[in-house]
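Trainee: sequence and predicted structure are below.
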Amino acid sequence: MSSSTPLVCGFARLTSCSGCQLTLLNMTADLVPLAARLSVVAFSMASSAPDPGGALDVAVIEGSVSSPAQLSTLLALRRRADRLVAVGACALSGGVNALASGDRDALVASVYGAPEAVEESFPPQPLSRFVQVDLEIPGCPPEGAELVALFGSLARGGLPAASDYPVCMECRQRENLCLLIERRIPCLGPVIRAGCQARCPSFGVACEGCRGMVAEANRGEEFRLLLETGLNEREIRARLRRFGEEA
Ligand code: SF4
Ligand code: SF4
């Protein structure tokens, strides 16, 4: 694609809070130059114009898949799009949507009343369970700069590189005290993929793992360090599972 040809983009939301789309809309300083490079044909949070259909250079999708209707939407977007990008913890792992377990009808009834009043649903699943995903942008929500970098890379014909080193590296670069080692606060930074500039520990808040695990996470050592903070094994497993990681 020539660099002067606008990218035809479609944004879609499945089961999620719209926070990923909102993050992009909040990048106001970057949106004006970006707008000249994009032809956005679907973006429900920014425009009520109907999706005209047709081929897409890129489909950007947030949210987990939790109903047959959403699965149809996902499959249709996969067929239309040259590249499909999953954005945010829900799309990558199911996210917090996937935390509840147990009888599905009982769960639906506890939220909506009669289960038959809402559309058929199933436990929230990541996009990659159903379709090929060309790029995953992690976070809850993702970093706005990573979303902007996505379109810059696509305009040049490629995809941005994903970071695969832990949050601790960025945390120490910011010269933070270590919450885990020095204050015995249960931080997941040693096993979680960086890219957020250690946003939470920099404010004294333990990393909850929203960006998902690095490929070579030392889960055993992290488990041992978390035990030293006073959490029991059940609590540690729950913490590691919060954003979809099996413990
Ligand atoms: S506070 Fe958390 S992220 Fe920062 S160095 Fe310690 S364990 Fe790593
Ligand atoms: S520090 Fe951890 S929880 Fe906070 S934004 Fe970064 S990856 Fe997510």
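Mentor: On my side now, so go ahead. Numbering: from 1, shown residues only. Ligands and ions are numbered 1, 2, ... in the order given.
Trainee: what sits against the residue nearest the centre of the chain?
Mentor: Note on the chain: the residue nearest the mean C-alpha position is G88, at 1.3 Å, using C-alpha atoms, centre = their mean. Residues near G88 by C-beta atoms under 8 Å, 6 or more residues apart in numbering: S16, G19, C20, E62, G63, G95, I137, P138, G139, C140, P141, P142. For the C-beta atoms, the positions are set from N, CA and C on the backbone; glycine is no exception.
Trainee: gap between it and A55?
Mentor: To A55, G88 is 24 Å away according to C-beta to C-beta, to the nearest Å.
Trainee: ok, V148 next?
Mentor: On the measure of C-beta to C-beta, V148 and A55 end up 23 Å apart.
Trainee: and the two? Which one has more around it.
Mentor: V148 (18 against 11; other C-beta atoms under 10 Å).
Trainee: so F11, which state does it fall into?
Mentor: Three-state call for F11 (DSSP: H, G, I helix; E, B strand; the rest coil): strand.
Trainee: hmm, it is touching L38, no?
Mentor: No: the pair F11 / L38 is not scored as a contact, 10.4 Å apart, by C-beta atoms under 8 Å.
Trainee: how about the residue nearest to the centre of the chain, nearest residue that isn't a chain neighbour?
Mentor: C20 (4.0 Å; C-beta to C-beta, 6 or more residues apart in numbering).
Trainee: any figure for the gap between that neighbour and ligand 1?
Mentor: From C20 across to ligand 1, the span is 23 Å (C-beta to the nearest ligand atom, to the nearest Å).
Trainee: quick check: that residue touching P141?
Mentor: Yes: in this structure, C20 is within contact of P141 by C-beta under 8 Å, at 5.1 Å.
Trainee: out of these two, which sits in the busier spot?
Mentor: Ranked by neighbour count (other C-beta under 10 Å), C20 and P141 place C20 first, with 28 against 24.
Trainee: roughly how far apart are the more buried one and A46?
Mentor: Counting by C-beta to C-beta, the gap from C20 to A46 is 13 Å.
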